[in-house]
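> what follows is a protein structure lacking sequence information:
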């Protein structure tokens, strides 16, 4: 199983980025795929998740209205569209797969991180 995250970069406040997480090697679709982030000196937090079967979505309160998670099952890819980025969104972003407690950090597989830096 592999999870490949990409799409991070440097963006000015108010800007946008789209992260991608390509999954491979799964015999069965995972229950959910999600995005997490960890800023320097802070604990990792769940940002958003989406279930494979029914597309049920969760967001952490701090990104509601700004971030949108979506999936393309044909491409085995989950996206995180991040708009109106703020400096406090700066972190390493990870994708992961797991079960119903995924947003609480209970994951089966993790991808490598992609750095998102929001700065003027």
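Nice, thanks for sending it over. This one's a predicted model, so the numbers in the text were calculated from it and none came from an experiment. Numbers count the residues shown, from 1 in each chain.
> contacting residues around the residue positioned nearest the centre of the chain?
Against the mean C-alpha coordinate of the chain, by C-alpha atoms, centre = their mean, the closest residue is residue 35 at 2.2 Å. Counting by C-beta atoms under 8 Å, 6 or more residues apart in numbering, residue 35 makes contact with 19, 21, 46-49, 69, 78, 80, 93-96. In short, each C-beta sits where N, CA and C put it, glycine included.
> for these, which one is nearest residue 114?
residue 93 (5.4 Å; C-beta to C-beta).
> just to check, that closest one is in contact with residue 36?
Yes. Look at residue 93 against residue 36 with C-beta atoms under 8 Å: they come within range, at 7.1 Å.
> quick revisit: what's across from the residue nearest to the centre of the chain in the sheet?
Listed by DSSP bridges, the beta-bridge partners for residue 35 are residue 48, residue 95.
> gap between it and residue 90?
Counting by C-beta to C-beta, to the nearest Å, the gap from residue 35 to residue 90 is 15 Å.
> common neighbours of residue 93 and residue 36, please.
residue 47.
> residue boundaries of the helices in the protein?
Using DSSP state H, the chain contains no helices.
> how about the strands in it?
All strands of the chain, identified by DSSP state E, fall at 2-6, 9-11, 17-24, 32-38, 45-51, 57-59, 67-72, 77-82, 91-98, 107-110, 114-118.
> can you list contacts of the last one?
Defining contact as C-beta under 8 Å, 6+ apart, one finds that strand 114-118 is touched by 5-13, 15, 17, 19, 37, 82, 85-94.
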